[in-house]
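1. What would the 3D arrangement of this be:
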Amino acid sequence: MTFIADLLALLACLGLLQCLAGLSVVWRFAKARGRGVLSSRPSAVTILKPLCGDEPLLEEALVSCFRQDYPEFQIVFGIQNPKDPALAVVRRLCERFPERDVAVVVDPTPHGPNRKVANLINMLPSARHDVLVISDSDLHLPPDYLERLVVHLEKPGAGLVTSLYIGSPPTAKGWAAKMGSTQISHCFLPGVLLSRELGRQDCLGSTAMLTRDTLERTGGFRALVQLLAEDNVLGQRVKGLGLSVELADTIPTATVPEPNLRALWEHEIRWTSTIRALAPVSLCGSTLQYPLFWSLLAVLLSGGAPWSLVLFVAGWMLRWVAVGLIDSALRPMVGRPALPTPFWMLPIRDLLSIAEIATSFGVDEVVWRGHKLGTNSDARHAVVPVVVETESTVG
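-> As a prediction, the model looks like this:
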């Protein structure tokens, strides 16, 4: 037992070193911001916003889209259910911002099991510009979001631009949403930056900017509609064209709306199971991100030895300080400031993350927006002809 406890303590120390490395890359990323310059005649952009349901803070998030500080852009909203309450939010915002160029597409054509991609297929014909950005509905965008993306797309050899994001609960109440937020902001975000230091160039599905020509050369949206991890595949296909996947120096804020632990578990199991299907070895390696889990096991297997208690408490304090420093470094870049992470939450968060990783290896099906998708499914679905309703307002 002593040997196993020592091994667990070593894993905890390695996790804490990774925590410090993640903090370092976050600070370097924030410090390097602002070096790019937009060209004198930047390309017009179409923002593709697929919607599904009236999410918490949806109107606030969409307002940030209307308030972009960019010379020329169009917004295309896509809704699959004509009775979707998000449609009323969009129409209200169109009246509030009549000067904006907006198209609203209501089209339930399924195309395939991935509803987000099916929505994008329906929306694309209404896009007027050749530079496209797929932007999730729950993102609160900084005013210079489009500008920062375009700066990176203008780089020689760039094929796609993606962005990091932090998580934030809709209100100060609700510990489940805060747990989801800290996972995104303090584990996922530093992990992405560390992976890019090692040469990875992943497309993060919340934001993806590319030209229409590049999209067509990858096979278009229709080539992605059968896939669960369409963002990862899109990035891989762009790199297959000999182009790079750039990371923009802008950080939207994603609303984490889960009201309870069950909802958070279902959301994160979908996320973790997708990663397991794509990179199971890397997912297992990612358990080092959770040093409080390993140090807590060391406490248990050492019989509560004083050295193990010191390691656990010191690791807990280090993690909490790192969380605060990451928030501080990113605050000038984000679309909506994050709420503080409670000190007591960090060990529970590590335990939950490890449980999700272990459970994901027994999951072959996930739920997204009420629809089930197989993690390895490539089943073909027939296209159902429907009547398409399109609304446009141009300021």
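
2. okay but T274 is in contact with L228, surely?
-> Yes - with contact defined as CB atoms under 8 Å, T274 counts as touching L228 (5.7 Å). Glycine gets a C-beta too; all of them are placed from N, C-alpha and C.

3. where do the strands sit along the protein?
-> Ranges of strands in the chain, per DSSP state E, are 45-51, 73-79, 101-106, 131-135, 139-140, 158-162, 166-168, 207-211, 244-247, 253-255, 365-368, 371-374, 389-393.

4. mind checking which of these is nearest P190?
-> strand 166-168 (11.0 Å; CB to CB).

5. Low-confidence regions, the stretch 1-150 of the chain specifically.
-> Along the stretch 1-150 of the chain, segments meeting pLDDT under 70 span 1, 34-36.

6. Can you lay out the strands of the chain as JSON lines showing mean neighbour count?
-> Conversion of those to JSON lines gives the following (neighbours: other CB atoms under 10 Å):
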{"stretch": "strand 45-51", "mean neighbour count": "23"}
{"stretch": "strand 73-79", "mean neighbour count": "24"}
{"stretch": "strand 101-106", "mean neighbour count": "22"}
{"stretch": "strand 131-135", "mean neighbour count": "24"}
{"stretch": "strand 139-140", "mean neighbour count": "24"}
{"stretch": "strand 158-162", "mean neighbour count": "25"}
{"stretch": "strand 166-168", "mean neighbour count": "25"}
{"stretch": "strand 207-211", "mean neighbour count": "24"}
{"stretch": "strand 244-247", "mean neighbour count": "20"}
{"stretch": "strand 253-255", "mean neighbour count": "25"}
{"stretch": "strand 365-368", "mean neighbour count": "16"}
{"stretch": "strand 371-374", "mean neighbour count": "14"}
{"stretch": "strand 389-393", "mean neighbour count": "14"}
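
7. need these in TSV with distance to R217, can you?
-> TSV is the format used below for these (distance: least, CB to CB, whole Å):
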stretch	distance to R217
strand 45-51	18
strand 73-79	21
strand 101-106	24
strand 131-135	13
strand 139-140	26
strand 158-162	9
strand 166-168	32
strand 207-211	9
strand 244-247	14
strand 253-255	29
strand 365-368	27
strand 371-374	26
strand 389-393	27
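
8. Which strands or helices does the longest helix belonging to the chain pack on?
-> As assigned by DSSP state H, the longest helix anywhere in the chain is helix 2-31. Helix 2-31 sits against helix 189-197, helix 291-301, helix 306-330, with contacts defined as 3 or more CB pairs under 8 Å, 6 or more residues apart in numbering; DSSP states H and E.

9. average model confidence for the first one?
-> Rounded to a whole number, the mean pLDDT of helix 189-197 is 96.

10. The last one too?
-> Mean per-residue pLDDT for helix 306-330: 97.
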